[in-house]
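Enquirer: Curious how this folds, go ahead:
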Amino acid sequence: MDFLRLFQSLEEFLYEAMSWLVFYPRTLWRTIRHPIQMLRYSDKELEDAPDQQFTDMLSPPLFLMLTILLSHLIEVASHQKMPEVATTGIGKEITASEMNLLVLRAFLFAIYPLMFAVRRLKAQGLALNRDTLRRPFYAQCYIAGPAALVLGIASILARLGDVGWAIAALVIMLVTISWYLRIETIWLRSRTRKSTGKAFRSALGTWLLASLINSGASFLILGG
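Expert: From the prediction side, this is the model:
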């Protein structure tokens, strides 16, 4: 009986993993082409029963985690390693394991969707709790995915040791952040009564705060 359950679990996992090969590129392409529609799609899907949610796309958190995994695989394929910056005991423990490093990267980048989700609730005057936070957080994971992938690639280019590549990496980062802030501005404006200027300032402030928290968490975990 235990063997049968194990076999069924492996069967389900194999199907799920293979389905990612179809639904991941589909989700990535849709998110890049129609980011606002994907934000609306996420909100709408969470209104369905749990077993009927995200049947034609990857769920947002899974999409973000797979994107960070893809970014890591690209880094490995480029024969690059992150600089040895960990000085704390826990930092050295984390960076010594590829799996732990992936989990840390996912945690750190998920700070951005979290902060923008909190900002949306505050702007709409909604209570902050586990139920109300889920919908905006899920939606934010979609557009965080492409940003994480491109910023990861840009960081690889920046470490190639060439001035030209470093400049290209900086340009790519600025364009990506601009794209991210533009989407956040449009989304925040559509969900509140803010003007475009106020929505942009709110989005920029949220990005800076998330970056500060990200840097602080990195420093506490890895040291400096």
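Enquirer: residues making contact with the helix or strand harbouring L66?
Expert: Using DSSP states H and E, L66 sits within helix 60-77. Contact with helix 60-77 is made by 20, 24, 27-28, 31, 42, 54, 57-58, 81-82, 98, 101-102, 105-106, 109-110, 113, 138-142, 144-146, 148-149, 152-153, 156, as judged by C-beta atoms under 8 Å, 6 or more residues apart in numbering. Where C-beta positions appear, they are placed from N, C-alpha and C, glycine not excepted.
Enquirer: likewise stretch 45-55?
Expert: Contacts of stretch 45-55 (C-beta under 8 Å, 6+ apart): 59-60, 134-135, 138.
Enquirer: CA atoms only: put that stretch into PDB for me.
Expert: What follows is stretch 45-55, C-alpha atoms only, in PDB (Å, rounded to 0.1, in the frame of the first residue of the first chain):
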ATOM      1  CA  GLU A  45      -8.700  33.200 -10.600                       C
ATOM      2  CA  LEU A  46      -8.600  33.500  -6.800                       C
ATOM      3  CA  GLU A  47     -12.400  33.800  -6.900                       C
ATOM      4  CA  ASP A  48     -12.700  30.200  -8.100                       C
ATOM      5  CA  ALA A  49     -12.600  27.000  -6.100                       C
ATOM      6  CA  PRO A  50      -9.000  26.000  -5.100                       C
ATOM      7  CA  ASP A  51      -9.000  23.100  -7.500                       C
ATOM      8  CA  GLN A  52     -10.100  25.300 -10.400                       C
ATOM      9  CA  GLN A  53      -7.600  28.100 -10.000                       C
ATOM     10  CA  PHE A  54      -4.800  28.800 -12.500                       C
ATOM     11  CA  THR A  55      -5.700  25.800 -14.700                       C
END
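Enquirer: Show me how far it is from its chain's centre.
Expert: 21 Å (C-alpha atoms, centre = their mean, to the nearest Å).
Enquirer: What residues sit buried inside it?
Expert: 45-46, 54 (16 or more other C-beta atoms under 10 Å).
Enquirer: So what touches stretch 11-27?
Expert: Contacts of stretch 11-27 (C-beta under 8 Å, 6+ apart): 38, 56-58, 63, 66, 142, 145.
Enquirer: top of those residues by neighbour count?
Expert: Within the contacts of stretch 11-27, G145 tops the neighbour count with 30 neighbours, counted by other C-beta atoms under 10 Å.
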